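sequence and predicted structure, then a few things I'm wondering about:
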Amino acid sequence: MSELYTELLVKKDKTPKDSLIKYGLITLTVLFVLAGLVIHPLILIGAVGLGVLDYFIIPKTDLEYEYLFINGEFDIDMIMSRQKRKRVMSFSLKDADICAPLKSHRMDYYNGNATMKVFDYSSGNDTHKRFAVVTRKDNEACRIILEPDEKLAILMKNVAPSKVFLD
């Protein structure tokens, strides 16, 4: 039996909020350093605290998602600043309720459900064809937003033809 395997890297588009956070934190840290040097040395403690905050927050403004699809099993990794990798989601397509494009009429029922958790692992660009996978995580319904290319979408359809819709 041949394995159905593919991987895909999707870069998240930068939003104005990401740029504001990144450059705002850097500016604030520089201001604290200057104030610590000019006004009072104890302000440098705040600058060190901001530097630590920068170290953890700024990499999360430059994200890529890597999809790994093997025989119906999805693994999604988040890559921060092309340095740190973290597994954010694993699920089986066979356990999913439905997988269809976000704007498909098949998703109307699920798009209206405000209590469903949404995990967005796509570029965030509305002009790209993004899919939603409705499945369960921790016994709770959730919607996972993905951005597969044509090859991945066809493989998904081959694994679960009654659950995956490409329209």
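Received it, and whenever you're ready, just let me know what you need. Bear in mind the structure is a predicted one, so any value in this text is a computation, not a measurement.

report how many residues lie close to the nearest residue to Asp62 once chain neighbours are set aside.
Excluding its sequence neighbours, the residue lying closest to Asp62 (Cβ to Cβ, 6 or more residues apart in numbering) is Ser81, at 4.7 Å. Every C-beta, even on glycine, is put in place using the N, C-alpha and C of the backbone. Ser81 has 12 neighbouring residues, counting by other Cβ atoms under 10 Å.

out of the helices and strands in the chain, which is least certain?
helix 108-111 (a mean of 83; mean pLDDT, DSSP states H and E).

for the residue nearest the centre of the chain, give me its contacts.
When Cα atoms, centre = their mean is applied to the chain, the residue found nearest the centroid is Tyr121 (2.9 Å). By Cβ atoms under 8 Å, 6 or more residues apart in numbering, Tyr121 lies in contact with 10, 65, 67, 76, 78, 88-89, 144-147.

any idea how far the residue nearest to it when sequence neighbours are not counted lies from Lys86?
Closest residue in space to Tyr121, ignoring its immediate chain neighbours: Tyr65 at 4.6 Å, by Cβ to Cβ, 6+ apart. Using Cβ to Cβ, to the nearest Å, we find Tyr65 at a distance of 11 Å from Lys86.

do Ala96 as well
23 Å.

who has more neighbours out of those two?
Using other Cβ under 10 Å as the criterion, Ala96 and Lys86 rank with Ala96 on top: 20 against 9.

mind listing what the more buried one touches?
Counting by Cβ under 8 Å, 6+ apart, Ala96 touches 133-135, 160, 163.

how about a cut-off of 6 Å?
Listed by Cβ atoms under 6 Å, 6 or more residues apart in numbering, the contact set of Ala96 reads 133, 135, 163.
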